[in-house]
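**Student:** Pasting a predicted model and its sequence here:
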Amino acid sequence: MKDKFIKWSERVANHKNALKTLFWVSFAESCISPFPAYFLVLFMLAHKVKYSWKKVAFVSTLGSILGGVVGYFLGFFFFKYIGASIVDFYNLDDDLATFQLKLKSGEFFILFLASMMPIPFKITAIASGLLSINFILFLFTSILGRGLKFLLVSFLTHKYGIKIKESLQDNFWMSLIFFVIMCFLLFYFFF
């Protein structure tokens, strides 16, 4: 499945509607889709396609944030109407309350890191709505984290081109570890 998505991303990167597609892939990734938008960013910039890295970063960030907002409200309304009965049925009230307390003790840090990680952002968005995390905090950390993530991926791909694309494709787990370390360093030095 991953290989098919990578091939599809490579084809779409050279299409005249690549930016629109990037917006919708970023949007969908943040609320319903399992496919990461950064693959499309990599292909659009690695081969020096006609788009500036700043524009690609902006479009992917905007789509991701708007999709995250939809994901947040999906979680919020899903829990309110269906999830509460599931929690009651399985007697998970205490477990949910414990998790919510842990999250609230470090909301900003956890939400910020989760929005930068290469894990599906929809998990963070839907869980934030589910746990009724402050929407303004969720939105702020999403803008900051998603913006930094897509700026970093776009800039590095623009700067190093095909090398960074191949490295991220071939060494996914090493790239993930590197990205997590970069997130911690960024957070440590700037926050």
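**Tutor:** Ah, there it is.
**Student:** And for Ala13, nearest residue in space, chain neighbours not counted?
**Tutor:** Using CB to CB, 6 or more residues apart in numbering and skipping residues adjacent in sequence, the residue nearest Ala13 is Phe43, 3.6 Å away. To be clear about C-beta, it is placed using only N, CA and C from the backbone, and glycine gets the same treatment.
**Student:** Ser26 too?
**Tutor:** Nearest one to Ser26, counting by CB to CB, 6+ apart, is Gly63 at 3.1 Å.
**Student:** That neighbour: neighbour count?
**Tutor:** Using other CB atoms under 10 Å, Gly63 has 25 other residues around it.
**Student:** same question, Lys159
**Tutor:** Using other CB under 10 Å as the criterion, Lys159 is surrounded by 11 other residues.
**Student:** On the three-state scheme, Gly129 is what?
**Tutor:** State at Gly129, reduced to three classes by DSSP: H, G, I helix; E, B strand; the rest coil: helix.
**Student:** Looking at it now. What's its pLDDT?
**Tutor:** Turning to Gly129, the model gives it a pLDDT of 88.
**Student:** tell me which element the residue nearest to Ala13 is part of?
**Tutor:** Taking DSSP states H and E as the definition, Phe43 sits inside helix 38-46.
**Student:** for Arg146, what are its contacts?
**Tutor:** When contacts are counted by CB atoms under 8 Å, 6 or more residues apart in numbering, Arg146 is found next to Thr61, Ser64, Ile65, Gly68, Ser115, Met116, Phe121.
**Student:** Leaving out sequence neighbours, find the closest residue to it.
**Tutor:** Across the structure, with CB to CB, 6+ apart as the measure, the residue nearest Arg146 apart from its sequence neighbours is Ser64 (4.6 Å).
**Student:** Show me what the one helix or strand Ser26 maps to is packed against.
**Tutor:** The secondary structure element spanning Ser26 is helix 18-29 (assigned by DSSP H and E). Helices and strands touching helix 18-29, as assessed by 3 or more CB pairs under 8 Å, 6 or more residues apart in numbering; DSSP states H and E, comprise helix 38-46, helix 53-78.
**Student:** now that helix against helix 53-78, angle please.
**Tutor:** Helix 18-29 and helix 53-78 meet at an angle of 30 degrees, taking axes from the mean of the first three to the mean of the last three CA atoms, to 10 degrees as the criterion.
**Student:** Show me what helix 18-29 is in contact with.
**Tutor:** The set of residues that contact helix 18-29 without belonging to it, under CB under 8 Å, 6+ apart, is 12, 15, 33, 35-37, 40-41, 44, 49, 51, 55-56, 59-64, 66-67, 70, 120-122, 150.
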